[in-house]
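Student: Prediction below, plus the sequence it came from.
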Amino acid sequence: MEYASTRELMRRADRASVVIPAFNIPYLPMVEPVVKAIQDTGSFGLIMAARLEWIKFRTGSLDALQAEYDKFKLHGHTRLHLDHIPVVDEDDQRVDYLEIIRRAIDVGYESVMVDGSRLPFAENIACTRAVVQLAHAAGIPAEAELGAVMGHEAGPLPPYEEIFSSGKGFTDPKEARQFVEETGVDWLSVAIGNIHGAISAAAKGQAKVAARLNIHHLDRINNAVGVPLVLHGGTGIQKADIMDSIKHGITKINVATAIRQPYERHIEQGDAAAQEAVYKTMLNVIKQELEVQGTARILNMNGGQ
Ligand code: 13P
């Protein structure tokens with residue numbers, strides 16, 4: 001049987017207003033329960049790691065995740081994605097992003113993300129364009145970010161209400177249109193009130209603030225660009241806002257903190273207990289929080305309708 005590419009699956013999801021969740025793997029033993037929960041609920045999801053997951057957590061390397069994924073992958077339910085490869089990272093260091101992305105493509109990642117969102121607009125365009133060329137030459141889609149999805153940086157965040165009500169750092173719809181046109185990027189990560197779960201040693205175990213989404217602003221971005229939109233910081237967003245965002249262009253939602261914290265809380269009891277905690281949390285995320293149970297059937301049908 002021929003399986004659809006990630007690009008085609010995202011296209012089908014976009015058309016059917018179905019969301020594809022993407023799960024971050026900061027600890028390799030999480031791959032097994034994450035894939036199992038996706039399979040047991042008949043859903044579809046991406047398995048992914050960002051650079052910070054092998055730098056600040058225990059994924060080891062992008063090769064290590066690929067090898068672990070290879071043991072458990074299910075073509076009808078999962079694909080492998082490379083999350084945030086920053087051009088300038090959360091500690092303000094310059095990264096050889098092209099080298100990392102080239103390596104990921106070589107070892108079999110099926111879509112990639114470059115994050116130039118800490119750069120001035122024109123530089124973000126230039127870096128994203130270079131990655132899009134690399135990805136497209138290999139026949140896979142590329143994601144990029146425009147706007148500031150905060151939370152990964154070491155320092156304290158401004159109060160959430162201040163971020164939300166000022167709209168500071170939100171993706172500008174006009175810039176988004178220009179960005180997509182000039183880069184040819186396939187999927188765009190937007191800032192509309194979403195924030196990443198904190199990863200600093202002091203804050204990574206804490207509960208995330210219940211973020212909200214400015215759906216009116218999302219609508220303006222969605223009307224300005226013609227590509228599927230991505231919501232980062234998927235943990236702990238108000239449920240009604242998540243459901244609304246899916247109707248207004250969000251086609252992929254990234255989830256990290258929600259499944260990382262149960263693993264960390266149970267790891268002292270051993271791998272099996274931590275994996276079980278991840279599995280149970282995954283069932284809740286899939287069935288209750290995102291309501292994506294059963295989406296594999298919709299997405300794998302020819303045309304996705
Ligand atoms: P959360 O940690 O808030 O779920 O964010 C995940 C994310 O966006 C990774 O790219």
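Tutor: Good, I have the coordinates.

Student: Low-confidence bits of the stretch 201-305 of the chain, can you list those?
Tutor: 302-305 (pLDDT under 70).

Student: now do 80
Tutor: Across the stretch 201-305 of the chain, residues meeting the criterion (pLDDT under 80) sit at 301-305.

Student: how about the residues of the stretch 51-200 of the chain that lie near the ligand?
Tutor: 83-84, 196-197 (C-beta under 6 Å from any ligand atom). Bear in mind the C-beta positions are built from the backbone N, C-alpha and C, glycine included.

Student: neighbours around the residue lying closest to residue 62 once chain neighbours are set aside, how many?
Tutor: Leaving aside its chain neighbours, residue 62 sits nearest to residue 104 (5.2 Å; criterion: C-beta to C-beta, 6 or more residues apart in numbering). For residue 104, the neighbour count with other C-beta atoms under 10 Å is 27.

Student: Residue 68 now?
Tutor: Applying other C-beta under 10 Å, we find 21 residues neighbouring residue 68.

Student: The stretch 201-305 of the chain: helices as residue ranges?
Tutor: Taking DSSP state H, counting those that start in this stretch as the test, the helices found in the stretch 201-305 of the chain are 215-224, 239-247, 257-266, 271-284, 295-300.

Student: The lengthiest strand in the chain packs against which elements?
Tutor: Ranked by residue count and defined by DSSP state E, the top strand of the chain is strand 78-86. Applying 3 or more C-beta pairs under 8 Å, 6 or more residues apart in numbering; DSSP states H and E, we find strand 78-86 packed against helix 6-16, strand 20-24, strand 45-49, helix 51-55, helix 62-72, helix 97-107, strand 111-115.

Student: who wins for most neighbours among the residues of the stretch 51-200 of the chain next to the ligand?
Tutor: Most neighbours among those, by other C-beta under 10 Å: residue 84, with 26 neighbours.

Student: Could you find the closest non-adjacent residue to that residue?
Tutor: Leaving aside its sequence neighbours, residue 84 sits nearest to residue 50 (C-beta to C-beta, 6+ apart; 3.8 Å).

Student: swap in residue 278?
Tutor: Leaving aside its chain neighbours, residue 278 sits nearest to residue 33 (4.4 Å; criterion: C-beta to C-beta, 6+ apart).

Student: Residue 228 touches residue 253, doesn't it?
Tutor: No. Here residue 228 does not reach residue 253: they are 11.4 Å apart, not a contact under C-beta atoms under 8 Å.

Student: Comparing these two, which shows the higher neighbour count?
Tutor: Neighbours per residue (other C-beta under 10 Å) separate residue 228 from residue 253, with residue 253 holding more: 26 against 23.

Student: circling back to that earlier point, list the neighbours of the longest strand of the chain that are in contact with it.
Tutor: For strand 78-86, the external contacting residues (C-beta atoms under 8 Å, 6 or more residues apart in numbering) are 6, 9, 22, 24, 35, 38, 44-53, 62, 65-66, 69, 72-73, 95, 97, 100-101, 104, 108-116, 118, 145, 254.
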